[in-house]
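Trainee: what's the 3D shape of this:
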Amino acid sequence: MLTAAVVLSASFSTATAGKKKDKKKKAETEQVVEAPAEEPVVLATFNDSLSYAAGKTATNGLIPYLVQQLKVDTAYMADFVKGFTAATEHKGDPVYAAYQAGVQIAQMANQRILPSMKADFEGSDKVIADDLFYKGFVAALMRDNSIYTDTAALSFFDHTNKQVKEQVAQEYKQKNVDWMAENAKKEGVVTLPSGLQYKVITMGEGEKPLKDQTVEVKYEGKMIDGTVFDSSYKRNPPTSKFRCDQVIKGWTEALQLMPVGSKWELYIPQELAYGERQAGNIKPFSALIFTVELMGIEASKDVKPETKVELPKGLRSVKAPVKRSVRKK
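Mentor: Numbering: from 1, shown residues only. Below you'll find the predicted structure:
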């Protein structure tokens with residue numbers, strides 16, 4: 001029932017979508033909505049009353065749903081009601097069912113399909129035009145191969161998409177390489193032979209952890225554009241524990257250089273992070289920036305190498321091997 005109402009509201013709202021909103025009318029329609037003209041309702045029997053009451057009850061919470069989830073403007077609630085009424089009157093009509101399906105798919109194309117395909121070409125000079133996208137969409141449904149066969153269209157699109165992604169990835173990779181090179185020139189930044197860079201904010205006086213020891217840290221990670229993808233400071237407690245050799249290579253190397261009590265800023269090149277892999281919101285070939293505070297070290301004897309440790313996102317590298325026992329016969 002809700003689907004039918006949503007579909008028809010979209011079709012009936014088209015004619016009025018371009019008009020300016022009348023604030024006074026909107027305020028009035030939020031309180032009282034005039035339904036399409038029809039005969040007065042007469043409740044002659046108990047079941048008549050029950051049916052009418054059921055209809056009223058079924059709308060409990062519907063208007064907030066329409067406004068918040070389906071983005072229906074209550075100034076046009078009368079149009080929504082027209083759509084709902086038309087759908088109930090055409091119930092079981094195959095022609096109208098096909099029409100409804102067309103409206104639904106159009107909404108999917110507008111809200112998800114087209115934006116998703118456009119996103120594939122962001123960062124390049126290739127652009128998908130809405131009107132021609134819709135024409136190609138309809139041509140495929142009507143089996144119109146006068147311009148492209150389905151196979152030819154798929155081949156052309158996929159080939160172009162692949163080229164664009166490779167181009168954008170290489171440009172992004174070079175941007176990160178250039179950023180690391182410029183960052184190395186800044187005062188206080190130390191560059192190690194591996195390519196790892198760091199800057200000491202506070203130098204602690206405690207011990208330095210070994211590769212197989214578990215450490216407790218506070219940290220925040222971001223990409224070179226400033227986008228924060230992970231932060232222990234936003235969690236409770238604001239610390240995380242993991243073994244030094246269970247995180248990305250840049251972290252493993254840096255932690256072994258940091259005395260407890262230290263606060264450093266790490267600049268990790270993509271080859272010591274995730275390389276060409278996508279990791280959550282972290283793009284392939286991303287250099288990463290971390291602010292790290294080393295709070296403490298757990299004794300090695302308390303850490304079992306075979307223990308599986310759940311690592312925070314943005315730090316995961318490899319899973320510790322799980323030791324399996326073999327029962328002797």
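Trainee: centre of the chain versus the helix or strand where residue 116 lies, how much separation?
Mentor: Per DSSP states H and E, residue 116 falls inside helix 114-119. Centre-to-centre, helix 114-119 and its host chain are 13 Å apart (CA atoms, centre = their mean, to the nearest Å).
Trainee: and after that helix, which helix or strand comes next?
Mentor: Using DSSP H and E, the next helix or strand after helix 114-119 towards the C-terminus is helix 130-141.
Trainee: For the helix or strand that that next one is followed by, could you pull out the residues that count as buried?
Mentor: Scanning forward in sequence from helix 130-141 by DSSP H and E, the next helix or strand is helix 150-183. Residues 164, 168, 172-173, 176-177, 179-180, 183 are the ones in helix 150-183 that count as buried (16 or more other CB atoms under 10 Å). For glycine as for every other residue, the C-beta is placed from the backbone atoms N, C-alpha and C.
Trainee: cool, stretch 199-215 as well?
Mentor: In stretch 199-215, counting by 16+ other CB under 10 Å, buried: 204, 209, 213-215.
Trainee: So for it, first residue to last residue, what's the gap.
Mentor: Terminal residues of stretch 199-215 lie 20 Å apart, using CA to CA, to the nearest Å.
Trainee: in this protein, which residue is closest to the centre?
Mentor: Nearest residue to the geometric centre of the chain (CA atoms, centre = their mean): residue 281, 8.2 Å.
Trainee: how about the nearest residue to that residue, chain neighbours excluded?
Mentor: Distances taken as CB to CB, 6 or more residues apart in numbering place residue 229 nearest to residue 281, at 4.8 Å, with adjacent residues excluded.
Trainee: Same check on residue 144?
Mentor: With sequence-adjacent residues excluded and distances taken as CB to CB, 6+ apart, residue 144 is closest to residue 138, at 7.9 Å.
Trainee: Then residue 114?
Mentor: Using CB to CB, 6+ apart and skipping the chain neighbours, the partner closest in space to residue 114 is residue 133 (5.8 Å).
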